[in-house]
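Chemist: Have a look; sequence and predicted model below, questions after that.
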Amino acid sequence: ETGVTQTPRHLVMGMTNKKSLKCEQHLGHNAMYWYKQSAKKPLELMFVYNFKEQTENNSVPSRFSPECPNSSHLFLHLHTLQPEDSALYLCASSLGDHTGSYNEQFFGPGTRLTVL
Amino acid sequence: GESVGLHLPTLSVQEGDNSIINCAYSNSASDYFIWYKQESGKGPQFIIDIRSNMDKRQGQRVTVLLNKTVKHLSLQIAATQPGDSAVYFCAERIPASWGKFQFGAGTQVVVTP
């Protein structure tokens, strides 16, 4: 276990549904990330939160909406998704931004999302 | 090496042999690199990292080599075991960023008895 948990592990939803993915880290980190992993493709960064502030939105469609209520929890709210959004959604955490820091990211197990 | 697309490169290695996985990175100014291992149904797991001011770093059964001249990174696994079967991918930190990494698509390592 990496200290990063994600729920649910599997999710099937229709295009008109609204659902949320949850991530929780127990490592005392201050930065959290959402990634999308499609089959046989590199990880795609979606959002970065550093000390609860969103510092990166990597041109993600507005049907994905992140929320970071505190440094330990991160949510990804989903609405009106498309079938091509089906993928593994990974959450990661790391120590927060400090000048000159080298902070490896620790990943959760992911949520396997299928959009019908 | 690694490539983006539908087919992951596959490295088949016999149990007990050494494995070498390669990665070509894109930006000569990248200053930090990480190797991850991802087993089926799991999230990526940190293996080892290296900063650009180093050429080599060793961990338990793993060694990472960095050749900045040709922008090449390699991961060597000594005495490969069945539990080493997984997808391995490298990540380079994007210059002038803090938490942004560019990831390779990965290499599938299959350990045969």
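Modeler: Now that the structure is in, tell me what you want to look at.

Chemist: residues in contact with residue A:20?
Modeler: A:75-78 (C-beta atoms under 8 Å, 6 or more residues apart in numbering or on different chains). Bear in mind the C-beta positions are built from the backbone N, C-alpha and C, glycine included.

Chemist: In strands, which of the residues you listed fall?
Modeler: Among the contacts of residue A:20, the residues falling in strands (DSSP state E) are A:75-78.

Chemist: of the residues you listed, closest to chain B?
Modeler: residue A:76 (14.8 Å; C-beta to the nearest C-beta).

Chemist: OK, contacts around that closest one?
Modeler: Going by C-beta under 8 Å, 6+ apart, residue A:76 touches A:20-21, A:23, A:34, A:46-47, A:64-67, A:89.

Chemist: Go through stretch A:23-37 and flag the buried ones.
Modeler: A:23-25, A:29-37 (16 or more other C-beta atoms under 10 Å in any protein chain shown).

Chemist: Which pair in the ones in strands among the contacts of residue A:20 has the greatest spatial separation?
Modeler: The most widely separated members of the ones in strands among the contacts of residue A:20, counting by C-beta to C-beta, are A:75 and A:78 (9.9 Å).

Chemist: what is in contact with those two at once?
Modeler: In contact with both residue A:75 and residue A:78: A:20-21, using C-beta under 8 Å, 6+ apart.

Chemist: quick one, which of these two is more surrounded?
Modeler: Under the criterion of other C-beta atoms under 10 Å in any protein chain shown, the comparison of residue A:75 against residue A:78 puts residue A:78 first, with 21 against 17.

Chemist: what helices or strands is the least confident helix or strand in chain B by mean pLDDT leaning on?
Modeler: Least confident helix or strand of chain B, by mean pLDDT, DSSP states H and E, is strand B:101-103 with a mean of 91. On a contact count with 3 or more C-beta pairs under 8 Å, 6 or more residues apart in numbering or on different chains; DSSP states H and E, strand B:101-103 meets strand B:86-93.

Chemist: out of the buried residues of stretch A:23-37, who's near chain B?
Modeler: Of the residues in the buried residues of stretch A:23-37, proximity to chain B by C-beta under 8 Å from any C-beta of the partner chain holds for A:31, A:33.
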